[in-house]
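Colleague: attaching a predicted model along with its sequence, questions to come.
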Amino acid sequence: MSVTKPAVASLGFPRIGARRELKFALESFWAGKSGAGELLDTAEHLRRRNWILQRDKGIDVIPSNDFSLYDHVLDTAVMVGAIPSEYGWAGDDVALDVYFAMARGAQTDGEEAGCDHPDHGRDVRALEMTKWFDTNYHYLVPELTQQQTFALSSTKPVDHFLEAKALGIETRPVILGPVTFLKLAKARGGDFEPLTLLSSLLPVYGELLSRLQQAGAIWVQVDEPALALDLTEGERAAYVEAYDAIATAVPDVKLMLASYFGSLGDNLETALSLPVAGLHLDLVRAPDALADILAKAPADLVLSLGVIDGRNIWRADLAAILERLRPVIDARGADKVQIAPSCSLIHVPIDVDLETELDAELKGWLSFAVQKLGELSTISGGLAGANVSDALSSASEALAARAETSRVHDRAVSARLASLKETDRNRRSGFADRIALQRKKLGLPLFPTTTIGSFPQTGDVRKARAAFNRGDLDRAAYDGFLQAETEKTIRLQEEIGLDVLVHGEFERNDMVQYFGEKLSGFAFTRHGWVQSYGSRYVRPPIIFGDVSRPEPMTIDWWRFAQAKTQRPIKGMLTGPVTILNWSFVRDDIPRAETCRQIALAIRDEVQDLERAGAAIIQIDEAALREGLPLRVSEWKSYLDWAIDAFRLSASGVSDETQIHTHMCYSEFNDIIAAIAAMDADVISIETSRSKMELLDAFTAFDYPSEIGPGVYDIHAPRIPATSEMTELLDLARKRLDDRQIWINPDCGLKTRRWEEVKPALKNMVAAAKALRG
Ligand SMILES: CN1c2c(nc(N)[nH]c2=O)NC[C@@H]1CNc1ccc(C(=O)N[C@@H](CCC(=O)N[C@@H](CCC(=O)N[C@@H](CCC(=O)O)C(=O)O)C(=O)O)C(=O)O)cc1
Ligand SMILES: N[C@@H](CCS)C(=O)O
Ligand SMILES: [Zn+2]
């Protein structure tokens, strides 16, 4: 018997292009090599391709306005006219130079050498950038003043809706909801809650929705991922206020309220009380939520069921999903159900079929954005009684093969994990004893200067690696090139006068991918790019099996670098939690277990570095904070295993060896005890944009170890003056003991140009000298 098919909905499709077209168009525009017309043409082409692809894949509800030139939160800030005064916006159409100045800052002599970009003659910083919930995607933090006024300042959602309509494709525009927008924003110049601005923001949403309606939109998807967070009563009330106001302003627009990244939990009643026509649920992150929702949701509410994982890359168990959904369709009717990915697909790569070099078995286990659309169509067809048995058995066979293969399980790894002892997690002595020995050994001055690890990954470095990977450059020539870059960087650090040097990480494509490529249990894609921010993308490794380290990974480069200088070179590693959090992980064993496996591999590398003579070893845990679960009730369990993994990786060395860690997202107030429990000797953190306020957590906790609060914001192409850095350091000295302070940039310098890095580091060393003087 055939029944009506539940609609298949897509919540958002990757905007970067299968061949990274958006990145190349942006970078060419910023470099002044192409004009705005070419950039906008590429953008239009990408949107068209995505719409047509989704239509051809049988998607019934196709999103528009999911495209962004840089970031969808920035687009929302611009759309509501939340543009701080220094960006020189005249209140009319928001020009590209204003938009990109907010995204990347703009300084007098332009972004790129020889550029005749209109940014000339200005010096504005970029908006702050931070993590989009628990993902490796970064959004620009809107800045709002207490007197903030809002006005509809961009009609992008309407324009894109009409653009798709002109192609004959009816779309469901996606907008970021007002409560999440304000929750993600920060208060500027005052201590107030951005959410207090809600009532003045809502008319702009009303106007936008009414314009969308006039353009012909029937449904609008309003993303409110903040519904998956712990909310206060006031925040829940804000949802009620917001959606009541919107429903009053535009009663005929059907809203699909999209929650994702977690369970609605105690926000469910609020979500169900809102005057919306549909509710999207992330049933991958919150599989158990379905029963409760079915019991409580009004019969006429359309439920969008996020059953295909938008955050991971494994093929789904389609037969199991079908079985789970059949009773839902029976109970509610197909017209009241939509089948969807758990969240937007921007967090996964685009197309497995591009991966011609991946072995067939592994490829058969994977599903990227395009394949996920196919999985959704199969589920919907199956629910409507279509014969999808081939697709179901193919998925089941892939799953069975994955479960059974010997590629996944390594007895030596499980045996080693089983034999771990408590002492493997502890340094031999406490910090006070260790630091005394380390200070004696290293003999560093007060306020030692260092960098976080990477130096510019220039076009030349990337080209050489690409040539090597293609086979156009042989190993010896490639290594020779990298050695020359490394030596040049060591000389430069010596000239600048840095105290603790790094080798520059030129041999690394990415701080996670590089290690993954050297570890067993990992696989890699060639085209599996995922946007991290703006034009910066990553190719997250795929952890498919037990992890181990077949051989040393960094020792040769460390030895090469240390042989070139008398100053200490830091051994430079990525930590287990970061490797885990920035990879696609197995779903057949707990994350904690994979993390411990990686920790043991890193521990071996730490010990090898020490044996080779490294006196300082840095284990970057940039993603430790970001991996924190969205609900506070789940933090402890995560922190327990994450900190345990870090300690496992770091504790195998003698007291004299100094362990550094680095974190670029540094809001530690709520987890400072866990940060202290990592027991690192030195931690470098991002603090420059917060004007050292992030250090308050360390002060309040009486954090015992040494700290390098970043004094140079490396995310923007600005060169900070010495005075800016001494001012920041003065603020740091109010919060920390002088003996605790290291001086360093916020993060690695890989995304910067040499022209920026050299003067900025000179200024940084001058700031250190001024302090010592
Ligand atoms: C520190 N950060 C990182 C995060 N996540 C990571 N996985 N890694 C990080 O470093 N998250 C938080 C922050 C900020 N996020 C990022 C993310 C990405 C970058 C970045 O610089 N990305 C580069 C790509 C890096 C890379 O993989 N490079 C490869 C491939 C280079 C390439 O494109 N080659 C071309 C050929 C080159 C040529 O011929 O010119 C090709 O293959 O086609 C490599 O170097 O080999 C980016 O450009 O997007 C920074 C911070
Ligand atoms: N060592 C890395 C850390 C980035 S978070 C780098 O310097 O790029
Ligand atoms: Zn960093």
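Modeller: Nice, I can see it. Ligands and ions are numbered 1, 2, ... in the order given.

Colleague: and the one residue in the chain that gets nearest to ligand 2, how many neighbours?
Modeller: Per Cβ to the nearest ligand atom, the residue of the chain with the smallest distance to ligand 2 is Gly748, at 2.1 Å. The way it works is simple: take the backbone N, C-alpha and C, and place the C-beta from them, glycine included. By the criterion of other Cβ atoms under 10 Å, Gly748 has 25 neighbours.

Colleague: please name the nearest non-neighbouring residue to it.
Modeller: Of all residues beyond its chain neighbours, the one nearest Gly748 is Ser454 (3.5 Å), with distances taken as Cβ to Cβ, 6 or more residues apart in numbering.

Colleague: that older thread, so who does the residue of the chain closest to ligand 2 touch?
Modeller: Residues near Gly748 by Cβ atoms under 8 Å, 6 or more residues apart in numbering: Thr451, Ile452, Gly453, Ser454, Glu505, Met511, Ile714.

Colleague: got it, and Thr489?
Modeller: Phe455, Val502, His503, Gly504, Phe506.

Colleague: check which helix or strand covers it.
Modeller: Here Thr489 sits within helix 475-496, counting by DSSP states H and E.

Colleague: re earlier: identify the farthest-apart pair in the contacts of Thr489.
Modeller: Val502 and Phe506 (10.6 Å; Cβ to Cβ).

Colleague: between those two, who's got more neighbours?
Modeller: The neighbour comparison of Val502 against Phe506 (other Cβ under 10 Å) goes to Val502, with 27 against 24.

Colleague: ok, that one to ligand 1 distance?
Modeller: Distance of Val502 to ligand 1, given as Cβ to the nearest ligand atom, to the nearest Å: 15 Å.

Colleague: pretty sure that residue is touching Thr450, no?
Modeller: Yes - Val502 sits in contact with Thr450 when judged by Cβ atoms under 8 Å, with a separation of 7.3 Å.

Colleague: which neighbours do these two have in common?
Modeller: Lys570.

Colleague: isn't Ser414 up against Asp546?
Modeller: Yes - using Cβ under 8 Å, Ser414 is in contact with Asp546, at 7.0 Å.

Colleague: these two - which one has more neighbours?
Modeller: A direct count of neighbours by other Cβ under 10 Å for Ser414 and Asp546 places Asp546 higher, at 22 against 14.

Colleague: quick check: next helix or strand after the host helix or strand of that one?
Modeller: Secondary structure assignment for Asp546, by DSSP H and E: strand 542-548. Using DSSP H and E, the helix or strand that follows strand 542-548 towards the C-terminus is helix 555-562.

Colleague: pLDDT of that next one, averaged?
Modeller: Averaged across helix 555-562, pLDDT comes to 98.

Colleague: now for it, which elements pack on it?
Modeller: In terms of contacts (3 or more Cβ pairs under 8 Å, 6 or more residues apart in numbering; DSSP states H and E), helix 555-562 is packed against helix 475-496, helix 591-612.

Colleague: the last one: which residues count as buried?
Modeller: Neighbour counts over helix 591-612 (16 or more other Cβ atoms under 10 Å) mark 591-592, 594-610 as buried.

Colleague: following it, which helix or strand shows up next?
Modeller: Assigned by DSSP H and E, the successor of helix 591-612 is strand 616-620.

Colleague: what is the least confident helix or strand in the protein?
Modeller: strand 129-131 (a mean of 90; mean pLDDT, DSSP states H and E).

Colleague: picking up where we left off before, any residues in contact with both of Val502 and Phe506?
Modeller: By Cβ under 8 Å, 6+ apart, Val502 and Phe506 have these common neighbours: Phe455, Thr489.

Colleague: quick revisit: need the contacts of Gly748 in TSV with distance to Gln618 and pLDDT, can you?
Modeller: Putting those into TSV (distance: Cβ to Cβ, whole Å; pLDDT from 0 to 100) gives the following:
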residue	distance to Gln618	pLDDT
Thr451	10	98
Ile452	8	98
Gly453	7	98
Ser454	11	98
Glu505	11	98
Met511	11	97
Ile714	16	93
